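Colleague: give me coordinates for this.
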Amino acid sequence: MLSRKAEDYLEAILNISEKKGYAKIRDIALALNVKPSSVVEMVKRLNDRGFVNYRKYDGVTLTPEGEEIGRAVWGRHVTIRTFLEIIRVPEPIANKDACIIEHELEAKTIQQIKNLVEFVKIAPDYPQWLEHFEMFCETGVHPCCEEEKRKGKKHRFSS
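Modeller: Numbers count the residues shown, from 1 in each chain. Next comes the predicted model:
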């Protein structure tokens with residue numbers, strides 16, 4: 001089992017490598033906002049465990065096992081970030097929170113969030129419930145409850 005920090009390194013190396021073909025120590029340090037010496041220490045550990053190939057001055061590449069883990073972590077990150085954006089969490093906060101949450105949730109929870117994200121994305125029209133959620137966020141009142149109040153009905157969840 002890898003630590004959260006090790007998973008973050010594999011995810012960062014994956015993202016950098018996809019853009020540049022490899023990752024340099026300074027690239028990883030910048031991506032993770034850590035000192036290059038910390039990167040060297042972790043990369044050496046990941047190299048010893050077979051997750052990366054590291055040769056001083058040549059950069060860092062992922063092994064197939066490291067890439068598999070990096071992709072899994074990145075997939076969790078994207079799923080959670082997208083879910084948070086759907087519920088109107090601002091993008092910078094959604095990205096930051098996804099980094100935290102991606103390591104903590106059970107696989108089944110991630111799968112259900114992914115299912116919800118895919119369901120919302122492929123909805124033929126903008127889902128009405130999402131529009132209602134936006135109104136609720138702005139006003140604190142559910143649009144259906146407002147409509148029922150106008151009709152003189154009491155909502156079953158009202159106090």
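Colleague: which elements pack onto the longest helix along the chain?
Modeller: In the chain, taking DSSP state H as the definition, the longest helix is helix 64-86. Applying 3 or more Cβ pairs under 8 Å, 6 or more residues apart in numbering; DSSP states H and E, one finds that helix 64-86 contacts helix 4-20, helix 91-101, helix 107-121. Where C-beta positions appear, they are placed from N, C-alpha and C, glycine not excepted.
Colleague: closest to T61 out of these?
Modeller: helix 4-20 (6.4 Å; Cβ to Cβ).
Colleague: tabulate the CA atom coordinates of the closest one in PDB.
Modeller: Output of helix 4-20 as PDB, limited to C-alpha atoms (Å, rounded to 0.1, in the frame of the first residue of the first chain):
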ATOM      1  CA  ARG A   4      -1.100   9.400   0.100                       C
ATOM      2  CA  LYS A   5       2.100  11.400  -0.500                       C
ATOM      3  CA  ALA A   6       3.600   8.600  -2.800                       C
ATOM      4  CA  GLU A   7       0.300   8.500  -4.700                       C
ATOM      5  CA  ASP A   8       0.500  12.300  -5.200                       C
ATOM      6  CA  TYR A   9       4.000  11.900  -6.600                       C
ATOM      7  CA  LEU A  10       3.000   9.300  -9.100                       C
ATOM      8  CA  GLU A  11       0.000  11.400 -10.100                       C
ATOM      9  CA  ALA A  12       2.200  14.500 -10.600                       C
ATOM     10  CA  ILE A  13       4.900  12.500 -12.500                       C
ATOM     11  CA  LEU A  14       2.100  11.100 -14.800                       C
ATOM     12  CA  ASN A  15       0.700  14.600 -15.500                       C
ATOM     13  CA  ILE A  16       4.100  16.100 -16.200                       C
ATOM     14  CA  SER A  17       5.200  13.100 -18.300                       C
ATOM     15  CA  GLU A  18       2.100  13.300 -20.500                       C
ATOM     16  CA  LYS A  19       3.000  16.900 -21.300                       C
ATOM     17  CA  LYS A  20       6.800  16.600 -21.700                       C
END
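Colleague: perfect, I'm done here.
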